[in-house]
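**Q** Got a predicted structure plus its sequence, pasted below:
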Amino acid sequence: MTLAFDRRACLDGIKTIWPLMIPGIPVGLVIGLVVAERGVPLFLGWSTSWIIFAGSSQLAAVELIGEGAGVAVIVLTVFFINARHIIYSAALRERFSVYPLWIRIVAPYLLIDQQFAVAETAPELVDPTPGYRLWHFLGAGAFMWTIWQCSVGAGILIGDLVRDEWQLIFSVPLLFLGLMVLSIRNRAGVAAAVVGGTLAVVGSELPQGSGLLMAIVVGMTVGAVVDQRNGEPL
(Lines give C-alpha, C1' and ligand atoms only; values in the text may rest on other atoms or scores of the structure.)
Protein backbone atom coordinates (compact mmCIF):
# COMPACT_ATOMS: atom_id res chain seq x y z
CA MET A 1 0.00 0.00 0.00
CA THR A 2 1.26 3.47 -0.86
CA LEU A 3 0.92 6.21 1.73
CA ALA A 4 2.50 8.90 -0.44
CA PHE A 5 0.93 12.31 0.00
CA ASP A 6 -2.18 12.71 -2.14
CA ARG A 7 -2.91 16.41 -2.61
CA ARG A 8 -6.12 15.79 -4.54
CA ALA A 9 -7.52 13.61 -1.76
CA CYS A 10 -6.70 16.24 0.88
CA LEU A 11 -8.38 19.00 -1.11
CA ASP A 12 -11.40 16.78 -1.72
CA GLY A 13 -11.62 16.17 2.02
CA ILE A 14 -11.55 19.92 2.73
CA LYS A 15 -14.18 20.64 0.08
CA THR A 16 -16.43 17.94 1.48
CA ILE A 17 -16.20 18.92 5.14
CA TRP A 18 -16.11 22.72 5.08
CA PRO A 19 -19.92 23.17 4.99
CA LEU A 20 -20.11 21.02 8.13
CA MET A 21 -17.53 23.20 9.85
CA ILE A 22 -19.45 26.48 9.51
CA PRO A 23 -21.93 25.75 12.36
CA GLY A 24 -18.98 24.88 14.60
CA ILE A 25 -17.32 28.29 14.33
CA PRO A 26 -19.76 30.14 16.65
CA VAL A 27 -19.57 27.22 19.07
CA GLY A 28 -15.79 27.61 19.21
CA LEU A 29 -16.17 31.35 19.77
CA VAL A 30 -18.58 30.77 22.66
CA ILE A 31 -16.21 28.27 24.27
CA GLY A 32 -13.43 30.85 24.03
CA LEU A 33 -15.67 33.48 25.61
CA VAL A 34 -16.60 31.08 28.40
CA VAL A 35 -12.89 30.51 29.09
CA ALA A 36 -12.41 34.26 29.57
CA GLU A 37 -15.63 34.75 31.54
CA ARG A 38 -14.99 31.87 33.93
CA GLY A 39 -11.51 33.08 34.80
CA VAL A 40 -9.82 29.94 33.46
CA PRO A 41 -6.11 30.58 32.71
CA LEU A 42 -6.13 31.56 29.04
CA PHE A 43 -3.47 29.14 27.82
CA LEU A 44 -5.04 26.28 29.77
CA GLY A 45 -8.45 27.14 28.36
CA TRP A 46 -7.15 27.27 24.81
CA SER A 47 -5.20 24.05 25.35
CA THR A 48 -8.44 22.17 25.90
CA SER A 49 -9.26 22.80 22.24
CA TRP A 50 -6.39 20.63 21.05
CA ILE A 51 -6.16 18.24 24.00
CA ILE A 52 -9.84 17.28 23.80
CA PHE A 53 -10.87 18.50 20.30
CA ALA A 54 -14.59 17.89 20.84
CA GLY A 55 -16.98 20.78 21.31
CA SER A 56 -19.53 19.58 23.88
CA SER A 57 -17.02 17.78 26.09
CA GLN A 58 -14.56 20.68 25.81
CA LEU A 59 -17.26 23.08 26.94
CA ALA A 60 -18.04 20.85 29.92
CA ALA A 61 -14.33 20.61 30.78
CA VAL A 62 -13.90 24.39 30.67
CA GLU A 63 -16.95 24.87 32.87
CA LEU A 64 -15.69 22.32 35.39
CA ILE A 65 -12.19 23.82 35.42
CA GLY A 66 -13.74 27.21 36.12
CA GLU A 67 -15.64 25.69 39.05
CA GLY A 68 -12.46 24.15 40.47
CA ALA A 69 -13.57 20.56 39.86
CA GLY A 70 -11.14 17.72 40.44
CA VAL A 71 -9.21 16.06 37.63
CA ALA A 72 -11.10 12.78 38.04
CA VAL A 73 -14.49 14.48 37.62
CA ILE A 74 -13.31 16.35 34.52
CA VAL A 75 -11.83 13.23 32.91
CA LEU A 76 -14.91 11.12 33.63
CA THR A 77 -17.24 13.83 32.31
CA VAL A 78 -15.27 14.13 29.08
CA PHE A 79 -15.22 10.34 28.72
CA PHE A 80 -18.98 9.94 29.09
CA ILE A 81 -19.77 12.80 26.71
CA ASN A 82 -17.38 11.38 24.12
CA ALA A 83 -18.50 7.76 24.54
CA ARG A 84 -20.20 7.88 21.14
CA HIS A 85 -16.76 8.08 19.54
CA ILE A 86 -16.24 4.43 20.49
CA ILE A 87 -19.14 3.59 18.19
CA TYR A 88 -17.64 5.77 15.45
CA SER A 89 -14.33 3.93 15.71
CA ALA A 90 -16.04 0.54 15.60
CA ALA A 91 -18.01 1.56 12.50
CA LEU A 92 -14.84 2.61 10.64
CA ARG A 93 -12.61 -0.16 11.95
CA GLU A 94 -12.92 -2.50 8.99
CA ARG A 95 -12.29 0.06 6.29
CA PHE A 96 -9.28 1.51 8.11
CA SER A 97 -7.83 -1.84 9.21
CA VAL A 98 -5.48 -1.94 6.20
CA TYR A 99 -3.35 0.90 7.57
CA PRO A 100 -0.31 0.54 9.84
CA LEU A 101 -0.95 0.42 13.58
CA TRP A 102 0.45 3.89 14.25
CA ILE A 103 -2.05 5.42 11.83
CA ARG A 104 -4.93 3.56 13.44
CA ILE A 105 -3.82 4.92 16.82
CA VAL A 106 -3.20 8.54 15.78
CA ALA A 107 -5.97 9.14 13.20
CA PRO A 108 -8.91 8.70 15.64
CA TYR A 109 -7.80 11.93 17.31
CA LEU A 110 -9.44 13.70 14.35
CA LEU A 111 -12.62 11.60 14.51
CA ILE A 112 -15.27 14.12 15.53
CA ASP A 113 -18.94 14.02 14.48
CA GLN A 114 -18.50 15.84 11.15
CA GLN A 115 -15.40 13.85 10.30
CA PHE A 116 -17.24 10.58 10.90
CA ALA A 117 -20.03 11.62 8.55
CA VAL A 118 -17.50 12.39 5.82
CA ALA A 119 -15.33 9.32 6.43
CA GLU A 120 -18.36 7.07 6.38
CA THR A 121 -19.57 8.09 2.93
CA ALA A 122 -17.61 10.58 0.83
CA PRO A 123 -14.42 8.69 -0.14
CA GLU A 124 -16.30 5.74 -1.63
CA LEU A 125 -18.21 8.13 -3.90
CA VAL A 126 -14.97 9.37 -5.50
CA ASP A 127 -12.16 6.86 -5.14
CA PRO A 128 -12.29 3.69 -3.02
CA THR A 129 -8.53 3.15 -2.90
CA PRO A 130 -7.03 3.01 0.63
CA GLY A 131 -4.44 5.75 -0.04
CA TYR A 132 -7.10 8.18 -1.21
CA ARG A 133 -9.34 7.37 1.74
CA LEU A 134 -6.55 8.04 4.25
CA TRP A 135 -5.51 11.41 2.82
CA HIS A 136 -9.12 12.42 2.37
CA PHE A 137 -9.65 11.72 6.08
CA LEU A 138 -6.46 13.53 7.14
CA GLY A 139 -7.14 16.54 4.90
CA ALA A 140 -10.66 16.98 6.24
CA GLY A 141 -9.54 16.43 9.82
CA ALA A 142 -6.60 18.85 9.63
CA PHE A 143 -8.88 21.54 8.19
CA MET A 144 -11.45 21.05 10.94
CA TRP A 145 -8.74 21.08 13.60
CA THR A 146 -7.21 24.33 12.32
CA ILE A 147 -10.52 26.19 12.09
CA TRP A 148 -11.51 24.97 15.55
CA GLN A 149 -8.27 26.19 17.17
CA CYS A 150 -8.70 29.58 15.51
CA SER A 151 -12.36 29.85 16.58
CA VAL A 152 -11.66 29.06 20.23
CA GLY A 153 -8.58 31.29 20.23
CA ALA A 154 -10.54 34.19 18.76
CA GLY A 155 -13.22 33.79 21.41
CA ILE A 156 -10.59 33.92 24.15
CA LEU A 157 -8.93 37.02 22.66
CA ILE A 158 -12.15 39.01 22.47
CA GLY A 159 -13.39 37.75 25.84
CA ASP A 160 -11.70 40.56 27.76
CA LEU A 161 -13.44 43.10 25.52
CA VAL A 162 -16.89 41.89 26.53
CA ARG A 163 -18.50 44.30 28.97
CA ASP A 164 -19.27 43.06 32.48
CA GLU A 165 -23.00 43.37 31.99
CA TRP A 166 -22.76 40.94 29.07
CA GLN A 167 -21.88 38.11 31.42
CA LEU A 168 -22.08 34.65 29.83
CA ILE A 169 -23.59 32.98 32.87
CA PHE A 170 -26.28 31.44 30.67
CA SER A 171 -24.06 30.60 27.68
CA VAL A 172 -23.15 27.10 28.87
CA PRO A 173 -26.69 25.84 29.62
CA LEU A 174 -28.02 27.47 26.45
CA LEU A 175 -25.32 25.91 24.29
CA PHE A 176 -25.84 22.54 25.93
CA LEU A 177 -29.56 22.93 25.27
CA GLY A 178 -28.86 23.56 21.59
CA LEU A 179 -26.55 20.55 21.34
CA MET A 180 -29.09 18.45 23.20
CA VAL A 181 -31.98 19.46 20.95
CA LEU A 182 -29.95 18.61 17.86
CA SER A 183 -29.28 15.14 19.24
CA ILE A 184 -32.91 14.32 20.08
CA ARG A 185 -34.26 11.99 17.41
CA ASN A 186 -36.59 9.62 19.29
CA ARG A 187 -38.14 8.81 22.66
CA ALA A 188 -34.87 7.48 24.08
CA GLY A 189 -33.15 10.75 23.22
CA VAL A 190 -35.98 12.80 24.70
CA ALA A 191 -35.87 10.81 27.94
CA ALA A 192 -32.10 11.14 28.24
CA ALA A 193 -32.25 14.88 27.51
CA VAL A 194 -35.07 15.64 29.95
CA VAL A 195 -33.63 13.60 32.81
CA GLY A 196 -30.06 14.74 32.22
CA GLY A 197 -31.03 18.40 31.84
CA THR A 198 -33.19 18.36 34.95
CA LEU A 199 -30.48 16.75 37.07
CA ALA A 200 -27.88 19.18 35.72
CA VAL A 201 -29.97 22.08 37.00
CA VAL A 202 -30.89 20.44 40.31
CA GLY A 203 -27.31 19.36 40.97
CA SER A 204 -25.64 22.58 39.84
CA GLU A 205 -24.61 23.41 43.42
CA LEU A 206 -23.00 20.04 44.15
CA PRO A 207 -19.26 20.26 44.84
CA GLN A 208 -16.48 19.64 42.33
CA GLY A 209 -18.83 19.69 39.34
CA SER A 210 -20.22 16.29 40.36
CA GLY A 211 -23.76 17.41 39.48
CA LEU A 212 -22.96 17.56 35.76
CA LEU A 213 -21.28 14.16 35.86
CA MET A 214 -24.28 12.68 37.69
CA ALA A 215 -26.65 14.21 35.10
CA ILE A 216 -24.70 12.69 32.21
CA VAL A 217 -24.51 9.20 33.71
CA VAL A 218 -28.15 9.07 34.82
CA GLY A 219 -29.39 10.62 31.57
CA MET A 220 -27.48 8.06 29.50
CA THR A 221 -28.78 5.24 31.70
CA VAL A 222 -32.40 6.36 31.34
CA GLY A 223 -31.96 6.73 27.59
CA ALA A 224 -30.51 3.22 27.37
CA VAL A 225 -33.42 1.77 29.35
CA VAL A 226 -35.98 3.46 27.10
CA ASP A 227 -33.97 2.34 24.08
CA GLN A 228 -34.15 -1.29 25.19
CA ARG A 229 -37.87 -1.13 25.87
CA ASN A 230 -38.74 0.48 22.56
CA GLY A 231 -36.15 -1.22 20.39
CA GLU A 232 -34.89 2.04 18.90
CA PRO A 233 -31.36 3.50 18.84
CA LEU A 234 -30.55 6.48 21.04
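**A** Here it is on my side, so go on. Numbers count the residues shown, from 1 in each chain.
**Q** Remind me what the lengthiest helix in the chain packs against, helices and strands.
**A** Secondary structure of the chain per DSSP state H: the longest helix is helix 130-159. Helix 130-159 sits against helix 7-21, helix 24-38, helix 42-51, helix 84-96, helix 113-126, with contacts defined as 3 or more C-beta pairs under 8 Å, 6 or more residues apart in numbering; DSSP states H and E. (Each C-beta comes from the backbone N, C-alpha and C, glycine too.)
**Q** what angle do the shortest one and helix 130-159 make?
**A** If you take axes from the mean of the first three to the mean of the last three C-alpha atoms, to 10 degrees, helix 42-51 sits at 160 degrees to helix 130-159.
**Q** what's the angle between the very next helix or strand once past helix 42-51 and helix 24-38?
**A** Counting by DSSP states H and E, the next helix or strand C-terminal to helix 42-51 is helix 55-66. Computed with the same axes, to 10 degrees, the direction of helix 55-66 lies at 0 degrees from that of helix 24-38.
**Q** is it possible to export the helices and strands packed on helix 130-159 to CSV including distance to G159 and mean neighbour count?
**A** Output for the helices and strands packed on helix 130-159, formatted as CSV (distance: least, C-beta to C-beta, whole Å; neighbours: other C-beta atoms under 10 Å):
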stretch, distance to G159, mean neighbour count
helix 7-21, 22, 18
helix 24-38, 2, 21
helix 42-51, 8, 17
helix 84-96, 28, 14
helix 113-126, 25, 17
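**Q** For A193, which of those is the nearest?
**A** Nearest of those to A193, taken as C-beta to C-beta: helix 84-96 at 14.4 Å.
**Q** Give me the residues contacting the closest one.
**A** Contacts with helix 84-96, where a contact means C-beta atoms under 8 Å, 6 or more residues apart in numbering, come from A54, I103, R104, A107, P108, L111, I112, F116, A119, E120, R133, L134.
**Q** Just checking: the least confident one among those is which?
**A** Lowest pLDDT among the contacts of helix 84-96: E120, with 75.
**Q** For the residue most central in space within the chain, give me its contacts.
**A** Geometric centre of the chain, nearest residue: A54, 2.6 Å, by C-alpha atoms, centre = their mean. Applying C-beta under 8 Å, 6+ apart to A54 gives the contacts V78, I81, N82, H85, I112.
**Q** can you do 6 Å?
**A** By C-beta atoms under 6 Å, 6 or more residues apart in numbering, the contact list for A54 reads N82, I112.
**Q** any idea how this protein splits into domains?
**A** 1-166, 184-234 (automatic domain parsing).
**Q** Could you tell me the least trusted of the ones you listed?
**A** Ranked by mean pLDDT, the domains of the chain bottom out at domain 184-234, with a mean of 68.
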